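Novice: Can you look at this prediction? I've put the sequence above it.
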Amino acid sequence: YEISECLVGSEMCIRDSKESNFRFLFTKIFLLLYVTDDWSESIPLFHCQSSIINYQLNNAMAKTKEQLLNILDQFQLTEKVVSAEPFGNGHINDTLKVTNEKGEIKYVLQRINHLIFTNVDMLQNNIQIVTSHIRKKLEEKGESDIDRKVLTFLPTKDNKLYYFDGDSYWRVCLFIPNSKSYEEVNPELSYEAGKAFGDFQSMLADIPEGTLGETIPNFHNMEFRLEQFHDAVKSNVAGRLDEVKDLIEEIEKRAEAMCIQERLYREGKLKKRTNHCDTKVNNMMFDAETDKVLCVIDLDTVMPGFVLSDIGDFIRTGANTGAEDDENLDNVNVNMDIFKAYTRGYMEKAKSFLTPTEIKLLPYGGRLLTYMQTVRFLTDYINGDTYYKIHSPKHNLIRTKAQFKLLQSLEAHADEMDAFMSEWL
């Protein structure tokens, strides 16, 4: 078993992989647990899976100071460094701040989680193409202080994009000084986020389709997610269909309408663009003094996709008045102020390259990504909670209901959202 997309809702999850180095270890332990514990109700098997996964990851990070300095010495650094210590609260990669003899943070060292991003060559090649492209655009505009406005990754001494130490894959980028990030969303930050992600897409709009690879194949492919859902319903391995029949019916009623982007793409009416695919406010750096956005970060999921994904995922996460797993459904609604602020900022920067079809469908993107997550949570619940990390036996069902409530709220505001977009049509 292998860790997979720890991205949607910042949840840890796993999936079966024949290539996983840990397959035998996991299978052996899981069979033992299955025989001795009623994990589906009392001790969810996934809790044990997650613990083992965390142990493997933490074990991989158990490097001495000398080992870390040796890893850093493989890169083309411009000054002597003396320490590398844990930094930030990322869920996917292990991140360390690297300081010089004066105690100043100069670099960021990351251990790439190759259990999620299995093709490290593709991953780093994507990032190199994207950051080089943005740097060129900033230079053409005569921007100053460019190293604070685009991530700068350093090559190894043999000019590779990462270093493999026989166990893990590592990369180094410049630290952005005098910067900060935010975790909470309000209309003001949503507006800035919209501008930043719109500008990000605008600068990358002329990258030809086919240049970048998909670091997570079918990540936002609704047809693929529905196939997974239908397989789960057909198999009913956990025997839970009876309690979710109403939710299954609601999903099926919307299935055809929620596959519009794939159909339009096949008809040549919607094109794939370069997307960030994790559009959250904490994935950008702000100037510590002016509070203006410096640059977009966390580029691991930058890949080809539809623009509906980037605006849709921000609406799903940022414009939700409740929590993703809120048990009190009265808390869950769409915050229209957040939607309007983000969309206005986004359109200020993105209108120049968007087609009328894309502009018209942007509010639909919020419904699509929320529907998609409803499907994914329910699929996992029907399958017996084998994908997302859960904190209670009904956690995935609670998530499903909360996401579906948000979807209903988005549907109730659809006319208002569509009318708001008329300003740009």
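Specialist: All right, it came through fine.
Novice: Return the distance of residue 249 relative to residue 227.
Specialist: For residue 249, the distance to residue 227 equals 18 Å [C-beta to C-beta, to the nearest Å]. The way it works is simple: take the backbone N, C-alpha and C, and place the C-beta from them, glycine included.
Novice: could you pull out the helices for the stretch 51-200 of the chain?
Specialist: Secondary structure of the stretch 51-200 of the chain (DSSP state H, counting those that start in this stretch): helices at 65-72, 120-140, 187-204.
Novice: next one: the first one to chain centre, how far?
Specialist: By that I understand helix 65-72. A distance of 29 Å separates the centroid of the chain from that of helix 65-72, by C-alpha atoms, centre = their mean, to the nearest Å.
Novice: Could you list the buried residues of that helix?
Specialist: 68, 69, 71, 72 (16 or more other C-beta atoms under 10 Å).
Novice: got a pLDDT number for residue 46?
Specialist: The model reports residue 46 with a pLDDT of 38.
Novice: what are the phi and psi values for residue 159?
Specialist: Phi and psi for residue 159, reported as degrees, to the nearest 10, are phi 60, psi 30.
Novice: And it, how far from residue 273?
Specialist: Per C-beta to C-beta, residue 159 is found 30 Å from residue 273.
Novice: who's more crowded, these two?
Specialist: Neighbour count, other C-beta atoms under 10 Å: between residue 159 and residue 273, residue 273 has more, with 21 against 7.
Novice: Low-confidence bits of the protein, can you list those?
Specialist: Applying pLDDT under 70 to the chain flags the ranges 1-61, 90-91.
Novice: For it, which segments are assigned as strands?
Specialist: 2-3, 14-15, 81-86, 94-100, 105-112, 153-154, 163-164, 169-174, 179-180, 273-275, 284-287, 293-296, 303-305 (DSSP state E).
Novice: what lines up beside the third one in the sheet?
Specialist: Okay, so that is strand 81-86. strand 94-100 (antiparallel) (DSSP bridges).
Novice: Dump the strand it pairs with to CSV, restricted to CA.
Specialist: C-alpha atoms of strand 94-100 as CSV (Å, rounded to 0.1, in the frame of the first residue of the first chain):
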residue,chain,number,x,y,z
ASP,A,94,9.5,17.2,4.7
THR,A,95,10.7,20.8,4.8
LEU,A,96,13.8,22.3,6.5
LYS,A,97,15.1,25.8,6.9
VAL,A,98,18.8,26.1,6.1
THR,A,99,20.8,28.8,7.9
ASN,A,100,24.2,30.3,7.4
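Novice: any idea of the angle it forms with helix 65-72?
Specialist: Strand 94-100 and helix 65-72 meet at an angle of 90 degrees, taking axes from the mean of the first three to the mean of the last three C-alpha atoms, to 10 degrees as the criterion.
Novice: could you check the angle strand 169-174 makes with strand 94-100?
Specialist: 50 degrees.
Novice: sorry, back to before: list just the one of the strands of the chain that sits closest to residue 193.
Specialist: strand 284-287 (6.6 Å; C-beta to C-beta).
Novice: Can I get that closest one as CSV, trimmed to CA atoms?
Specialist: The C-alpha trace of strand 284-287 is given here as CSV (Å, rounded to 0.1, in the frame of the first residue of the first chain):
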residue,chain,number,x,y,z
MET,A,284,1.2,32.1,-1.6
MET,A,285,3.8,34.4,0.1
PHE,A,286,3.0,37.9,1.1
ASP,A,287,5.4,40.8,1.7
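Novice: That one pairs with which strands, parallel or anti?
Specialist: Its sheet considered, strand 284-287 pairs with strand 179-180 (antiparallel), strand 293-296 (antiparallel) by DSSP bridges.
Novice: Show me which of residue 249 and residue 227 is the more surrounded one.
Specialist: residue 227 (13 against 9).
Novice: would you list the helices of the stretch 51-200 of the chain in TSV and tack on distance to residue 220?
Specialist: Converted to TSV, these look like this (distance: least, C-beta to C-beta, whole Å):
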stretch	distance to residue 220
helix 65-72	34
helix 120-140	16
helix 187-204	15
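Novice: highest average neighbour count across the ones you listed?
Specialist: Comparing those by mean neighbour count (mean count of other C-beta atoms under 10 Å), helix 187-204 ranks first with a mean of 22.
Novice: Just the residues contacting that helix, thanks.
Specialist: 130, 133-134, 137, 182, 185, 273-276, 279, 281, 284, 286, 292-293, 295-296, 307, 310-311, 314, 318-319, 337-338, 340-350, 352-353 (C-beta atoms under 8 Å, 6 or more residues apart in numbering).
Novice: was I right about residue 74 contacting residue 156?
Specialist: Yes - contact criterion C-beta atoms under 8 Å: residue 74 and residue 156 qualify, at 5.1 Å.
Novice: one step back: which one of the helices of the stretch 51-200 of the chain lies closest to residue 169?
Specialist: Using C-beta to C-beta, the helices of the stretch 51-200 of the chain put helix 120-140 closest to residue 169, at 4.9 Å.
Novice: Which neighbouring elements make contact with the closest one?
Specialist: strand 153-154, helix 187-204 (3 or more C-beta pairs under 8 Å, 6 or more residues apart in numbering; DSSP states H and E).
Novice: Now distance to residue 399 too, for these, in TSV please.
Specialist: Formatted as TSV, these follow (distance: least, C-beta to C-beta, whole Å):
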stretch	distance to residue 399
strand 153-154	35
helix 187-204	23
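Novice: right, so of these, which gets closest to residue 391?
Specialist: helix 187-204 (28.2 Å).
Novice: Could you export the closest one as CSV, CA atoms only?
Specialist: Provided in CSV are the C-alpha atoms of helix 187-204 (Å, rounded to 0.1, in the frame of the first residue of the first chain):
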residue,chain,number,x,y,z
PRO,A,187,-12.7,38.9,1.4
GLU,A,188,-9.6,41.1,1.3
LEU,A,189,-7.2,38.1,1.3
SER,A,190,-9.5,36.3,-1.2
TYR,A,191,-9.3,39.2,-3.6
GLU,A,192,-5.5,39.1,-3.3
ALA,A,193,-5.5,35.3,-3.8
GLY,A,194,-7.7,35.6,-6.9
LYS,A,195,-5.3,38.2,-8.4
ALA,A,196,-2.3,36.0,-7.6
PHE,A,197,-3.7,32.8,-9.0
GLY,A,198,-5.1,34.7,-12.0
ASP,A,199,-1.7,36.3,-12.7
PHE,A,200,-0.1,32.9,-12.2
GLN,A,201,-2.3,31.3,-14.9
SER,A,202,-2.0,34.3,-17.2
MET,A,203,1.8,34.1,-17.2
LEU,A,204,1.7,30.4,-18.0
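Novice: Perfect, that will be all.
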